[in-house]
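**Student:** I need the structure of the sequence given here:
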Amino acid sequence: MSNLIVFLALSAAVSLSGPETITAFETTYPGGLAAIQEVGEGEKGSVVYEVAGARVLVGYSPKALPSTITEHALRSIESWSEGRSALQHQDGHVTIGLVKAPRGYKAALKGATAVTLVAGALASNLPVSAAIFADSELVVDPADLRTSAVDFARNGEPPVHLWVSRNPLMLEDELGKTKPMVITRGLKPFVGREIEFASNKYSLELIAWRVSDASSYLIKRGPILKDGETFGISETERIRVKHLSPGLSGEPALSFTVEVPDPSEIPN
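**Tutor:** Below is the predicted model of the structure:
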């Protein structure tokens, strides 16, 4: 279970009261784009807010983020290229996450929405040097976070590139032959599984593009891909879905493979 945590590394010390957080939120999303309400207190001075139908806990620490968090995220090939230098000098951090881990797709989508909106508001009003999305294990440019959160509030398009990362590797079979593969991180809270897509028919770039498309589709619609079914790329190529528990990553997986049907099965 995940509380959909986002960490904000700070380049300077701040004060972070409930009214200051609400002001930052309302300044970032003016005209009723999104609403926030303080509803209680958590441990060690943290504050609980109601946002988008979910309860979000926001806490401040004057300490730098632990290296176990930063180094793990920096390994991702999709992390911000300037993330390492941005995280070198920290003067505290903010932790944003759900009070309770969500159960089910709809609760996860509400929760991710709430956490991202709060993170975007604070990144717009605090000296944030970098953001880390814990589930996707991504270091994110605060400018990207700010823009993505505001766009999300305006048009409702989920910032999938923040929530889900694509991690490439080369998979070797029992004959010693290799084929490209992409594994997601961050999709599991929404649909209960990560995507694992390997193919010797596609380039790594094409697999990554297909994985992005599938991740967006699933985040918008939920866990609708059943074990054994296929979905279409074209009339001549289909992707077969298999549920693995666990997959290669150790997590429950949606394993994708490309199938080319017999020519006699293709409509004229």
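**Student:** just the buried positions in stretch 93-113, please.
**Tutor:** 93-99, 102, 105, 107-113 (16 or more other C-beta atoms under 10 Å). In short, each C-beta sits where N, CA and C put it, glycine included.
**Student:** try stretch 70-85
**Tutor:** Neighbour counts over stretch 70-85 (16+ other C-beta under 10 Å) mark T70, A73, L74, S76, E78, S79, W80, G83 as buried.
**Student:** filter the buried residues of stretch 93-113 down to just the ones in helices.
**Tutor:** Among the buried residues of stretch 93-113, the members falling in helices (DSSP state H) are Y105, A107, A108, L109, K110, G111, A112, T113.
**Student:** nearest residue to the most centrally placed residue in the chain in space, please, no chain neighbours.
**Tutor:** By C-alpha atoms, centre = their mean, the chain has its centre lying nearest to W163, at 1.2 Å. With sequence-adjacent residues excluded and distances taken as C-beta to C-beta, 6 or more residues apart in numbering, W163 is closest to G186, at 5.1 Å.
**Student:** doesn't H161 make contact with that neighbour?
**Tutor:** No. Taking contacts as C-beta atoms under 8 Å, G186 lies outside contact range of H161: 10.0 Å.
**Student:** just after the lowest-mean-pLDDT helix or strand in the chain, pick out the following helix or strand.
**Tutor:** Lowest by mean pLDDT, DSSP states H and E among the helices and strands of the chain is strand 230-234, with a mean of 77. Later in the chain than strand 230-234, the nearest helix or strand by DSSP states H and E is strand 237-244.
**Student:** flag every buried residue along the following helix or strand past that following strand.
**Tutor:** Downstream of strand 237-244, the first helix or strand assigned by DSSP H and E is strand 253-259. By neighbour count on 16+ other C-beta under 10 Å, the buried set for strand 253-259 is A253, L254, S255, F256, V258.
**Student:** what do you get for stretch 28-38?
**Tutor:** Going by 16+ other C-beta under 10 Å, stretch 28-38 has these buried residues: T28, Y29, A34, I36.
**Student:** what do you get for stretch 137-153?
**Tutor:** Quick answer for stretch 137-153 (16+ other C-beta under 10 Å): 137-142, 144-146, 148-150, 152-153.
**Student:** kindly report the same for stretch 231-241.
**Tutor:** Buried positions in stretch 231-241, judged by neighbour count with 16+ other C-beta under 10 Å: R238, I239, V241.
**Student:** which one of the residues you listed sits closest to E194?
**Tutor:** Nearest to E194 among the buried residues of stretch 231-241 is V241, at 12.9 Å by C-beta to C-beta.
**Student:** re earlier: which of the buried residues of stretch 70-85 fall in helices?
**Tutor:** Counting by DSSP H, these contribute T70, A73, L74, G83 to helices.
**Student:** quick check, nearest of the buried residues of stretch 93-113 to D227?
**Tutor:** For those, the nearest to D227 is Y105 (17.0 Å; C-beta to C-beta).
**Student:** what comes into contact with the helix or strand E196 falls within?
**Tutor:** Assessed by DSSP H and E, E196 sits inside strand 194-198. Contacts made with strand 194-198 from outside it, assessed by C-beta atoms under 8 Å, 6 or more residues apart in numbering, are listed as 171, 179-185, 187-188, 207, 210-211, 214-215, 239, 244, 247-249, 251-257.
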